[in-house]
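1. turn this into a structure:
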Amino acid sequence: MERALARPAAGELSFAVGGEYRKEEIDYSNLIFTTPGGFAADRKVIAGYGELHTPLVAPAQSRMGLQRLELSLAVRAENYSRFGGTTNPKIALLWQPAAAWKVRASYGEAFIAPSLQQAFDPLVPLTELGIPIFDPVLNVTYPFDTLNLGGNPDLQAETSRNFNAGIQFEPAAVPGLSVTLGYYDIRYLNKISYLDYITAIELESLFPQYITRDPATNRIVAITSVQVNLAAANTDGMDLQIEYVHDTRLGEWSFGLNGAWIDSYVTQDAAGSPKVERVDTVNNPVDLQASVRLGYRRGGFDAALNGRYTDSYAANFPSQTRVSSYTALDCHFGYEFGKAARNGMADRALQGLRLGVGVTNLLDKDPPIFGDPFGYGFDTPVGDPRGRMYSLEFAKSF
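-> Down below sits the predicted model:
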């Protein structure tokens, strides 16, 4: 529900309240591995929220350096039948010093419960692997045989505190141009993170329950890889977005650039343990990702060319120390009937119909080699091994 509370001198004061109830269920069967596994689980979630928005400066009070100032306050309360309750506030401020400039800042807290699969998926053993590992306890390399994969019933909810700030520039002298630069800083507690087999060995002193050793030889014979709660994780970085649209007699041209740079991603695996920088490593964020887009539109016709880039990052596999960067191009062409100013019966019948064709990975570029012994030779978030792919679009609106 949303409603205006009052009309103070600075402008309309408004609020919104709402509630939510949902039941989450999962009935999962795993038939891929030699030993099939499966589980069923459910939980109930009750939530309520409220938000208050108020301008702090009336239009009549605006002046150079203070044309607009607005404040938003929000709170959300949730209760999970398996993880308990939480209440999270948020405060946001918008300042517009001049027509072309906007500055925003916000602080908020968040709560993320583990998924049912992360918590309750039963362990499934992969056996007779023979994968070589380095054992820092024995200071020797040898193969181990069993890797257990599944859920972690001891997994707790993750909480975070985040600060965001940004500035937007839309100059009147260059119509259609918008430049936005943002900064974020997020502090996690009980961060949910995947404990891969190499990290499990490195952190055996903190998570000894996930390493099984032979009593006679003290060699590792089995490793359990699951999601775990880290004591803390902190990350900060910047986002850049540039959009430009320009109309000409030949049609509308558009350009877009999006970039994400992660300055730091530091984790602390347990209270009192060292803090480790993990940006640009396997199973962790890459420091730089970017995309660029060039578009054209005229009447019902549109076309776009997109480029995607992911930076290289460090690897700790026996046969590989770095995963290469990846760049790919995509393109799309479409036509929507009814956009042109025609009045024929055929045009009216086709109005709202859109046809399109797209090509993903236009140059058929292979993803970078990914040497994880348990992987498939590629890193899914970075590259797709299917190569060039075609798509057709057919849509009709009424």
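2. in contact with the residue nearest to the spatial centre of the chain, which residues?
-> The chain has residue 285 as the residue nearest its centroid, 10.0 Å off, counting by Cα atoms, centre = their mean. Residue 285 sits next to 235, 262, 265, 279 when contact means Cβ atoms under 8 Å, 6 or more residues apart in numbering. All C-beta atoms are positioned from the backbone trio N, CA, C, and that covers glycine.
3. among the residues you listed, which two are most distant?
-> Spatially, the most separated pair among the contacts of residue 285 is 235 and 279, at 7.8 Å (Cβ to Cβ).
4. more crowded one of these two?
-> residue 235 (22 against 18; other Cβ atoms under 10 Å).
5. that one sits in which helix or strand?
-> strand 227-248 (DSSP states H and E).
6. residue 117 too?
-> Short version, using DSSP H and E: residue 117 is in helix 116-120.
7. what does residue 382 give?
-> Counting by DSSP H and E, residue 382 is found in no helix or strand.
8. do I have it right that it meets residue 367?
-> Yes: in terms of Cβ atoms under 8 Å, residue 382 counts as a neighbour of residue 367; the distance is 6.2 Å.
9. buried set for the strand holding residue 235?
-> Along strand 227-248, these residues count as buried under the neighbour rule (16 or more other Cβ atoms under 10 Å): 227-237, 239, 241-243.
10. go on, stretch 185-201?
-> Judged by neighbour count (16+ other Cβ under 10 Å), stretch 185-201 contains these buried residues: 185-193, 195-201.
11. try stretch 77-97
-> 78, 80, 82-83, 86, 88, 90, 92, 94-96.
12. residues making contact with it?
-> Against stretch 77-97 from outside (Cβ under 8 Å, 6+ apart): 43-49, 64-76, 102-111, 113-114, 119, 156-157, 159.
13. list the ones among the residues you listed that fall in helices.
-> residue 119 (DSSP state H).
14. buried only: go through the contacts of stretch 77-97 for me.
-> So, by 16+ other Cβ under 10 Å, the buried ones in the contacts of stretch 77-97 are 43, 45, 47, 49, 67-70, 74, 76, 102, 104, 106, 108-109, 111, 113-114, 119, 156-157, 159.
15. so what sits opposite residue 335 in the bridge?
-> residue 301, residue 355 (DSSP bridges).
16. now it: how far from residue 386?
-> 27 Å (Cβ to Cβ, to the nearest Å).
17. neighbours of the closest residue to residue 324 other than its chain neighbours, how many?
-> Spatial nearest neighbour of residue 324, chain neighbours left out: residue 368 (3.9 Å); criterion: Cβ to Cβ, 6 or more residues apart in numbering. Other residues lying near residue 368 total 20 when counted by other Cβ under 10 Å.
18. would you agree residue 368 is in contact with residue 322?
-> No: the pair residue 368 and residue 322 fails to qualify as a contact (Cβ under 8 Å) at a distance of 9.3 Å.
19. so what's in contact with these two at the same time?
-> Common contacts of residue 368 and residue 322, defined by Cβ under 8 Å, 6+ apart, comprise residue 312.
20. contact partners for residue 230?
-> Counted by Cβ under 8 Å, 6+ apart, residue 230 has contacts 188, 190-191, 193, 267-270.
21. fine, thanks again, bye for now.
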